[in-house]
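*Asks:* predicted model follows, preceded by the sequence.
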Amino acid sequence: MSSKDDARRISRSLVDPRVIDPRQELVRHDDLDDAELAQVVRLLEAIRNWREAEQRLSFLSRNHMKLNETDMKALRYVIASMNADVPVTAGALSDHLRVSTASVTKLLDRLEKAGHVVRKPHPTDRRAVTVEITPETHREVRRTMGMQHARRFEVVKKLTPAERETVTRFLDDLSATTLIAAPSDA
């Protein structure tokens, strides 16, 4: 077997407890037969593959538009707010992004300089300004991330209501496992 084959085999096995935890110190799997264990591993591989594909798409979109992850989150929020006819203020962005208003000001300065957003007077509060996405950036975000979301929506729509409930419960439970644990002092 070549070193490339070995590398692919190891890469595929990074979610297989037989490889990453053969003594079952963290992941107990001796209660599963071979077929069940293989099915669990295939599901974990599918999750990993989807996550990696999502990360690649996000990176390519951000890189193409010369944005960082927070910039893209801000643009998506501005688009959703504009679609709902809700004015976006720096304070609303600060709350959504969970960053300081000073950080939002820097973010908006950067996005405005790059031609992604414009600031306009607030329609009812003369002391405030609102943020709107430029038509060019809106088209680009719709072309990249919007089309990807539409494809995902179609995949989910194909599921039965019961399947959607099962997948939703599964993903919620999976999300709950990602609580960040503090490193031990060992």
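*Replies:* Nice, thanks for sending it over.

*Asks:* shaky segments in this protein?
*Replies:* 1, 6, 8-9, 12, 58, 62-63, 179-186 (pLDDT under 70).

*Asks:* in a strand, that's where residue 131 is, yeah?
*Replies:* Yes. Residue 131: assigned to a strand according to DSSP: H, G, I helix; E, B strand; the rest coil.

*Asks:* look up how far residue 119 lies from it.
*Replies:* Noted for residue 131: a distance of 6 Å to residue 119, by CB to CB, to the nearest Å. Using the backbone N, CA and C atoms, a C-beta is placed for each residue, glycine as well.

*Asks:* tell me which of those two has more neighbours.
*Replies:* residue 131 (26 against 14; other CB atoms under 10 Å).

*Asks:* the more buried one contacts residue 107, correct?
*Replies:* No. Residue 131 is beyond contact range of residue 107, at 9.9 Å (criterion: CB atoms under 8 Å).

*Asks:* quick revisit: okay, and the common contacts of residue 131 and residue 119?
*Replies:* Contact criterion CB atoms under 8 Å, 6 or more residues apart in numbering; residues bridging residue 131 and residue 119 by contacting each: residue 108.

*Asks:* just the strands in this protein please.
*Replies:* Using DSSP state E, the strands of the chain run over 117-121, 129-133.
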